[in-house]
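**Student:** Below are the sequence and a predicted model; questions follow.
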Amino acid sequence: MKSKDFLLCECKNLGLVLEETLRYEYGLDGSREFYEECDARLQLIKGELNNTDEADSEALSLSFYALESLSALICRIERSSLGEYSWPFVEEFKEISEAVCTEPTSLKPSLPPKVHVLSEGGLSSYQIDVEANRSFAKKRILTIFFPRTLKHFVLLHTILGHEIGHAIFSFPKFQGDLTKILRTNLIDPNDKFCNHNAVVDWLYSSKAPNSAQVYLSLLKAEYEIDPQNFFLSFAEYDAWVEEFLCDFIGLLMFGPSFLAALCDLLYSTEPSGAKVGQEHPPTGCRVNMLIVAAQHIGYDQIAFDAETKPHVEAFWASIYEKRQKDVWFDVFTEEQIKNTTNAIMGFLSNHAKALYPMPSAQEIKPLVNQIINQIPPVGYRFTTEKGPEHFEIDFRHTLYAGWIAASNTQFPIPFDTVNRLCEHGIMQQRAIKEKIAYKKAKEAKNTKLEAKV
Amino acid sequence: MSIMSAFRQDDSSAMYKRFAYLVSTYVDQPEVAATPAAQIPLENIFRLLEMYRYDAFKDENRSGVLASRSFSGRNMPRQSKAWHVDIQQALSQSLNNVFGNVPSNQAIDELEDVLRGLANDQPVSKQQQTHAKDFFNNFHQVLV
Amino acid sequence: MSALSRKTIAERLADGSLVISPILDSEQLGESSIDLRMGTVVMLARAGAQSHVEPAAYKEQDDHDSIRGKQQKHERFDIPFKRPFLLHPGTLALVPTMEWVKIPNNLQGIVTARSSWAREGLNIATATIVNPGYRGIITLELANFGEIPITLYPGLRLAQIALYELTTPIEDDQKRSQFDMKFEPSAGNIAKDDYCFIPTIKA
């Protein structure tokens, strides 16, 4: 079989697999948009192949890789199942991600991406995969990955705030705006992070903690990575800077819950906090930076009453415990962190729902109490005078209340129970939201009718 | 190890070259431009113009926040120049060739209007059509 | 045992000694009962999974076969709000209530179908007893006794719970049921504590 014929045969196979995906119920919004998007891609590839000369290896290769990515995407869609991830969390998270990841397109001045959700093996599978700008895509598909084992751990899911940062950064206009913010506020021409050389000087300095030095000597011994080729052969400077940016975005989008999830998850995978990854700067630097940012925003300054205060203090103490005392980890000045926080806050406030609204003690306290009493936290109260009353609660407040309740030492509750209570509460709050929206719409309709009369 | 592990070269230039050609043909065939498959080249070129407008060419897919720190030392070789250098240069040259002294943002606005018109099956002025066709033909030729 | 009236139920909900959360509408409170809404999970017996219900399949010590049996017994459906679920005639579905309940040690709950739904053929297969001290969702064993399928939507009021005061409250440290702190329905162990009456089946 010739290459072109083989690829055309693969197109036919892929068409059949695409049809088979319709056997399953995947995603919250059904299958139509995915099907139509994938079908359009397949039709383009097929058309291109039909017009390609057998001898044109470059064109054949282009079609081959386009088919490969489409095949991977279709199989991902087929594997997605509502029962494998926390859909109450996803429903809320999608509202934020669609609001913030809307971009101008050739079809509409602003169009949200299609969000697809999947669970994967391994704790490190938390990710949001955004299709590249240069891809065989009409509408970009954003795939959110959850670790399969953490299905109900909604408190940890706030780490996706960081991942949504990467998604935002992939949109050209936002990338332009955010790059300016970083250049103006975070990357000072004289500091430890201003360029490759400065970072290498800091990283390989004799003041670096022992764990960092041991790790770097290991890189040298096993892979010949040294200060000269560190950013040439190993790490990516731009990726490191993007990591810091996404941490800011995660914090501003999910509030204290993000910081807690980041500390727990990152320090669980790398307890020393000093090791580096190709795309990731040391965890300790990130945590130290975020603690300064959180304090600057004033998340820890909310005045709680005597009943809730000890729980809140226990939560913040557990966060401050994670702060690295060694000043080597403080790569940015307080001034840089504050200015960057303010600038990103300004950026996010242009997108509805993107910014974590500062909660009041009155909002958080009843939620904490419900969790401590092993009741799913919702905006609901029952009194003999008024009967049942309902309140709108941002799901991020539910999660913050969950972290506070999980940190309390007076009435300890297992972490998995807190997570399930919060997940259940988010689901119930959805029902309250529907009820309130229906009531409001009905009232508005009645007011309109009365005005007519 | 997978039996098929041929090293994949960056094919961004080849892709944009092809898409620029397809878009230039759509200008004369608006009925084809409105089909779902044709919206892919239209949308890709639209996104490319946006990347150029904001000088935002970082288009790598980052690994997850907890992605493994393991390093095999056998990762893909780094490209000597970024994927977008030639494409960006070709865009600048074509903008200059076709739009002359018109500010680039204004030229991009016009090109994006044409792409929107084609994607939504809406009329595009004769002058805009000519500019767009010249631009995409030129970009197709300039891009190596 | 005496049934709690609307006034007493309201008082106990207000002082927190009884929890049914959230009650979305004051209409949910009847004269001596509270309506309960359908939750967002449905468990249906999976076609072809079991030829018959076999108590001997429930082992004292779980092994591959017993775990497999449990896992394959039901098909689990997540049904977000405003999504339909079609219950066919003759089908039994396990459905959680949307509400979370905490029954104090001196009360017992009895769950039955709401009469308006029962008239459409929808029944709670058995009158579920909710034990004193129970915390969690209540599993409704729904069956369609009619002749045509019924569409169900999460959030609909399908059942009602009546509460009765016990003559003597249970002790706090009394053994919790196998279903305590449940977030969604699951099959129970029909053989639990009765193994002495079940012959050992040889593989």
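**Tutor:** Great, that's in hand. Numbers count the residues shown, from 1 in each chain, chains lettered A, B, ... in the order given.
**Student:** When you work out contacts or count neighbours from here on, use the C-alpha atoms and nothing else.
**Tutor:** OK.
**Student:** Show the backbone phi and psi for the residue of the stretch 201-350 of chain A found nearest chain B.
**Tutor:** Closest to chain B within the stretch 201-350 of chain A is A:Gly277: 5.1 Å, counting by C-alpha to the nearest C-alpha. Backbone geometry at A:Gly277, expressed as degrees, to the nearest 10, gives phi -120, psi 170.
**Student:** Model confidence score at it, please.
**Tutor:** pLDDT recorded at A:Gly277 is 90.
**Student:** go on, A:Gly122?
**Tutor:** A:Gly122 is assigned 89 on the pLDDT scale.
**Student:** Pretty sure it sits against A:Arg148.
**Tutor:** Yes. Contact between A:Gly122 and A:Arg148 holds when scored by C-alpha atoms under 8 Å: they sit 7.4 Å apart.
**Student:** For A:Gly273, see how far away C:Val95 is.
**Tutor:** 46 Å (C-alpha to C-alpha, to the nearest Å).
**Student:** hang on, the earlier thing: compare A:Gly122 and A:Arg148 and say which is more crowded by neighbours.
**Tutor:** A:Arg148 (18 against 14; other C-alpha atoms under 10 Å in any protein chain shown).
**Student:** Quick one, grab the pLDDT at that one.
**Tutor:** For A:Arg148, pLDDT reads 91.
**Student:** Enumerate every residue touching it.
**Tutor:** Neighbour list for A:Arg148: A:Glu84, A:Tyr85, A:Ser119, A:Glu120, A:Gly121, A:Gly122 [criterion: C-alpha atoms under 8 Å, 6 or more residues apart in numbering or on different chains].
**Student:** From A:Glu92, how far off is the third one?
**Tutor:** Counting by C-alpha to C-alpha, the gap from A:Ser119 to A:Glu92 is 17 Å.
**Student:** between the two, who's got more neighbours?
**Tutor:** Neighbour count, other C-alpha under 10 Å: between A:Ser119 and A:Glu92, A:Ser119 has more, with 24 against 16.
**Student:** Okay, and the beta partners of the more buried one?
**Tutor:** A:Phe146 (DSSP bridges).
**Student:** Show me the helices in chain C, by range?
**Tutor:** Taking DSSP state H as the criterion, chain C carries its helices at C:6-15, C:64-73, C:115-118.
**Student:** I misspoke; the intended subject was chain B.
**Tutor:** B:12-28, B:30-33, B:39-53, B:85-99, B:104-119, B:126-142.
**Student:** Take these and write them to JSON lines, including mean neighbour count and mean pLDDT.
**Tutor:** As requested, these are arranged in JSON lines below (neighbours: other C-alpha atoms under 10 Å in any protein chain shown; pLDDT from 0 to 100):
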{"stretch": "helix B:12-28", "mean neighbour count": "20", "mean pLDDT": "95"}
{"stretch": "helix B:30-33", "mean neighbour count": "19", "mean pLDDT": "93"}
{"stretch": "helix B:39-53", "mean neighbour count": "24", "mean pLDDT": "97"}
{"stretch": "helix B:85-99", "mean neighbour count": "18", "mean pLDDT": "96"}
{"stretch": "helix B:104-119", "mean neighbour count": "20", "mean pLDDT": "96"}
{"stretch": "helix B:126-142", "mean neighbour count": "19", "mean pLDDT": "95"}
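**Student:** buried residues in the helix or strand hosting A:Glu19?
**Tutor:** Using DSSP states H and E, the element containing A:Glu19 is helix A:3-21. Going by neighbour count (16 or more other C-alpha atoms under 10 Å in any protein chain shown), the buried part of helix A:3-21 is A:Lys4, A:Leu7, A:Leu8, A:Glu10, A:Cys11, A:Leu14, A:Gly15, A:Leu18, A:Thr21.
**Student:** so what's the residue of chain B found nearest chain C closest to, chain neighbours aside?
**Tutor:** Relative to chain C, the nearest point of chain B is B:Gly64 (27.3 Å; C-alpha to the nearest C-alpha). In space, and not counting its chain neighbours, B:Gly64 is closest to A:Gln127: 4.5 Å by C-alpha to C-alpha, 6 or more residues apart in numbering or on different chains.
**Student:** Same question for A:Glu98.
**Tutor:** Excluding the flanking residues, the one nearest A:Glu98 by C-alpha to C-alpha, 6+ apart is A:Pro112, at 5.2 Å.
**Student:** how far away is A:Leu22 from A:Ser81?
**Tutor:** 12 Å.
**Student:** cool, and A:Leu367?
**Tutor:** Plainly put, A:Leu367 is 30 Å away from A:Ser81 if you go by C-alpha to C-alpha.
**Student:** ditto for B:Gln93
**Tutor:** From B:Gln93 across to A:Ser81, the span is 48 Å (C-alpha to C-alpha).
**Student:** What residue in chain C comes nearest to chain A?
**Tutor:** Closest point on chain C to chain A, by C-alpha to the nearest C-alpha, is C:Ala14, at 4.7 Å.
**Student:** Next, count neighbours for the closest residue to that residue other than its chain neighbours.
**Tutor:** The shortest distance from C:Ala14 to any non-neighbouring residue, by C-alpha to C-alpha, 6+ apart, is to A:Thr383 (4.7 Å). Using other C-alpha under 10 Å, A:Thr383 has 15 other residues around it.
**Student:** which residues does A:Thr383 bridge with?
**Tutor:** A:Gly387.
**Student:** Might one say that it is in contact with C:Gly16?
**Tutor:** No. Using C-alpha under 8 Å, A:Thr383 is not in contact with C:Gly16; the gap is 9.6 Å.
**Student:** Just the strands from the stretch 1-150 of chain A, written as ranges.
**Tutor:** Assigned by DSSP state E, counting those that start in this stretch, the stretch 1-150 of chain A shows strands spanning A:114-120, A:127-130, A:141-147.
**Student:** Most tightly packed of the ones you listed?
**Tutor:** strand A:127-130 (a mean of 24; mean count of other C-alpha atoms under 10 Å in any protein chain shown).
**Student:** if you average pLDDT over that one, what comes out?
**Tutor:** In this model, strand A:127-130 has a mean pLDDT of 90.
**Student:** Give me every residue in chain C lying close to chain A.
**Tutor:** Chain C comes close to chain A at residues C:10-11, C:13-15, C:21-26, C:76-78, C:80-81, C:98-100, C:155, C:183, as judged by C-alpha under 8 Å from any C-alpha of the partner chain.
**Student:** What's the ChimeraX syntax to select whichever of those residues are buried?
**Tutor:** The ChimeraX selection below is limited to those of the residues of chain C next to chain A classed as buried (16+ other C-alpha under 10 Å):
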select /C:10,11,13,14,21,22,23,24,76,77,78,80,81,98,99,100,155,183
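**Student:** which ones among the residues of chain C next to chain A are found in strands?
**Tutor:** C:Ser21, C:Arg76, C:Phe77, C:Asp78, C:Trp100 (DSSP state E).
**Student:** So which residue is smack in the middle of chain C?
**Tutor:** Centroid-nearest residue in chain C, with C-alpha atoms, centre = their mean: C:Thr139, separated by 1.7 Å.
**Student:** Which residues are in contact with the spatially closest residue to that one that is not a sequence neighbour?
**Tutor:** In this structure, C:Thr139 finds its nearest non-sequential neighbour in C:Pro96, 4.5 Å apart by C-alpha to C-alpha, 6+ apart. Shown in contact with C:Pro96 (C-alpha under 8 Å, 6+ apart): C:Met38, C:Gly39, C:Thr40, C:Val41, C:Val42, C:Ile137, C:Ile138, C:Thr139, C:Leu140, C:Phe183, C:Glu184, C:Pro185.
**Student:** How about C:Ser32?
**Tutor:** The contact partners of C:Ser32, by C-alpha under 8 Å, 6+ apart, come to C:Ala3, C:Leu4, C:Ser5, C:Arg6, C:Ile9, C:Ala162, C:Leu163.
**Student:** Spell out which residues of the stretch 1-150 of chain A are next to chain B.
**Tutor:** So the stretch 1-150 of chain A meets chain B at A:40-44, A:58-59, A:62, A:105-108, A:123-138 (C-alpha under 8 Å from any C-alpha).
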